[in-house]
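K.L.:
Below are the sequence and a predicted model for it; my questions follow.
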Amino acid sequence: PEGHEDSAAWDRFRVFHRAQLGELCAYDPDILWFDGAWERTPEQWHMAEVAQFLADRAPKAVLNGRMGGYGDFATQEQALLATPPAGPWELCVTVNDSWGYKAHDSNFKSVRQLVQLFVEVFAGGGNLLLDVGPKEDGTIPEESASRLRELGAWIRRNEEAVYDTERGLGFGYFDGPTALSRDRKTLYLYLFGLPQEFVVIKGLTTPVARARVVGTGTSLDHQRVGGLHKAAGWEYVFVDHTTHAADLDPYCTVIACDFDEPLEL
C-alpha cells in the first residue's frame, strides 16, 4: 500500500546498489558523483559502510557532497551563494533551464552571463560544472556549442587569470571578484563593466609594484594612497575606457596587480 516501507525490498536494493558501485570502481574513477541525498537518511543507506567500501576500492576518487556528510566537496545546484562555502565546493548549473535536452527550452544564458558565472565560481574557490543536454543523436545543440566556444575563447585570452589561481580576497577589498596566484604575488581583478577612469583595491598592506591588462600585457598606471608604515592603503589602478578601449574585453576584462612580495592584507 502507499506509504508502506518494504524493508526487505530496500535491503535488496542496497545490495544491488553496492554491486553497481563495485562495478564502477573497477574503472579506477577520479570522481564519483552522487545525487538524491534528500530521499533517504545516511543511516538507511548505511553510508559509513558505503564510504569505506569506496575508500577501499577507489582510493583516488573524490566524492561529491551528497553522501550524508561523507563527501569531499560541497555540491550546490543552480544557486550561487553570496558567500562561497569555506572548503572545496562545486556549482552545477545548466546552460539553459534543463539538465537534459528539451527542444522547447530556448532560455539559454548569454555568453556574458556564463563568463560572469564562471568567474564568480572559480574566484570564490569553486569548480563550475556546466551542463549541456545532448540531442537524441548525441550531438550538442548549436545554441549550447556556440556559447561553450565563446566561453573557451575568453578562457584562452585570460588563461593566466584562470589556471593556477586560488580563492580571492572576498567581500570589501574590491568591487567585484578577485583571485590570487598560488604564490600570492599576483592579484587578479575581474571587471564585468566598463571602468570609470580607475578601479580601487582596499586593505592591502603590500604595495602594488606593477599593474597590467591580462591578455594584452598593456601596463597601467597605479597610485597608492595612505598606508603609511604598515597600515593598509588604497590602491588606485587607472584604466579609463576612453584611453584603453582596445584592451577591454567584451565580456570581462582582467587586470593583474603584481607584487614584489607575497600579498598581505
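P.N.:
Nice, I can see it.
K.L.:
ok, and what's touching the helix ranked longest in the chain?
P.N.:
Looking across the chain with DSSP state H, the single longest helix is helix 7-25. Helix 7-25 is contacted by residues 32, 44, 45, 46, 50, 53, 54, 57, 58, 61 when judged by CB atoms under 8 Å, 6 or more residues apart in numbering. In this view, the C-beta of every residue, glycine as well, is placed from N, C-alpha and C.
K.L.:
got TSV for these, with neighbour count too?
P.N.:
Listed next are the contacts of helix 7-25 as TSV, based on neighbours: other CB atoms under 10 Å:
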residue	neighbour count
32	17
44	13
45	20
46	15
50	20
53	15
54	20
57	15
58	21
61	18
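K.L.:
Narrow those to those in helices?
P.N.:
The helices, defined by DSSP H, take in 44, 45, 50, 53, 54, 57 from those.
K.L.:
ok, these vs residue 119, which is closest?
P.N.:
residue 54 (32.8 Å; CB to CB).
K.L.:
Skipping its backbone neighbours, what lies nearest residue 230 in space?
P.N.:
residue 205 (6.2 Å; CB to CB, 6 or more residues apart in numbering).
K.L.:
let me redo that: residue 136
P.N.:
Nearest residue to residue 136, sequence neighbours excluded (CB to CB, 6+ apart): residue 101, at 7.2 Å.
K.L.:
Could I get the contacting residues of the one you found?
P.N.:
By CB under 8 Å, 6+ apart, residue 101 lies in contact with 133, 134, 135, 136, 141.
K.L.:
what does residue 66 give?
P.N.:
Counted by CB under 8 Å, 6+ apart, residue 66 has contacts 34, 35, 36, 37, 75.
K.L.:
Farthest pair within the ones in helices among the contacts of helix 7-25?
P.N.:
Taking CB to CB, the two most distant members of these are 44 and 57; they sit 21.7 Å apart.
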